[in-house]
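Enquirer: Need a 3D model of the sequence below.
(one chain, ligands or ions: 1)
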Amino acid sequence: MRVVMRHISDEDLELYCLGRATNEQLAPLEEHLLACPACLERVQRMLREIDTLREALRRSEEDEKRRR
Ligand SMILES: [Zn+2]
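Expert: Residues are numbered from 1 along each chain as shown. Have a look, this model is predicted:
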């Protein structure tokens, strides 16, 4: 069994979660995620954080509109 030992850096994780990774970066990241539950967990956590952040931004925009 081939194990990809190097964990994904926070930077790459962020790119991946934001959908900003290039195809070239994406392939090794996804390969690693398939082999590494720990990094998969980090991705899921970050995606949740991004969701929460977007939701908060959306709400504050709506509040902004209501105030006008
Ligand atoms: Zn990993």
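Enquirer: drop to CA atoms for contacts and neighbour counts, all remaining ones
Expert: Noted.
Enquirer: SS state for the residue in the chain positioned nearest to the ion?
Expert: In the chain, the residue found nearest to the ion is H7; the distance is 3.7 Å by CA to the ion. Put simply, H7 is coil when judged by DSSP: H, G, I helix; E, B strand; the rest coil.
Enquirer: That one - nearest residue in space that isn't next to it in sequence?
Expert: Spatially, and ignoring its direct neighbours in sequence, H7 is nearest to C39 (7.0 Å; CA to CA, 6 or more residues apart in numbering).
Enquirer: which residues in the chain form helices?
Expert: Assigned by DSSP state H, the chain shows helices spanning 10-17, 23-35, 37-67.
Enquirer: and the ones you listed, which is most packed in?
Expert: helix 10-17 (a mean of 16; mean count of other CA atoms under 10 Å).
Enquirer: Touching it from outside, list them.
Expert: A21, L26, L29, R42, V43, M46, L47 (CA atoms under 8 Å, 6 or more residues apart in numbering).
Enquirer: The ion contacts on the protein?
Expert: Taking CA under 5 Å from the ion as the contact definition, the chain meets the ion at H7, C36, C39.
Enquirer: Spit out the contact partners of the last one.
Expert: Residues in contact with C39, defined by CA under 8 Å, 6+ apart, are H7, I8, H32, L33.
Enquirer: Just the pLDDT at M1, thanks.
Expert: What the model reports as pLDDT for M1 is 47.
Enquirer: Please apply the same query to E61.
Expert: 95.
Enquirer: how about the residues of the chain next to the ion in CSV, adding pLDDT?
Expert: Formatted as CSV, those follow (pLDDT from 0 to 100):
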residue, pLDDT
H7, 95
C36, 94
C39, 97
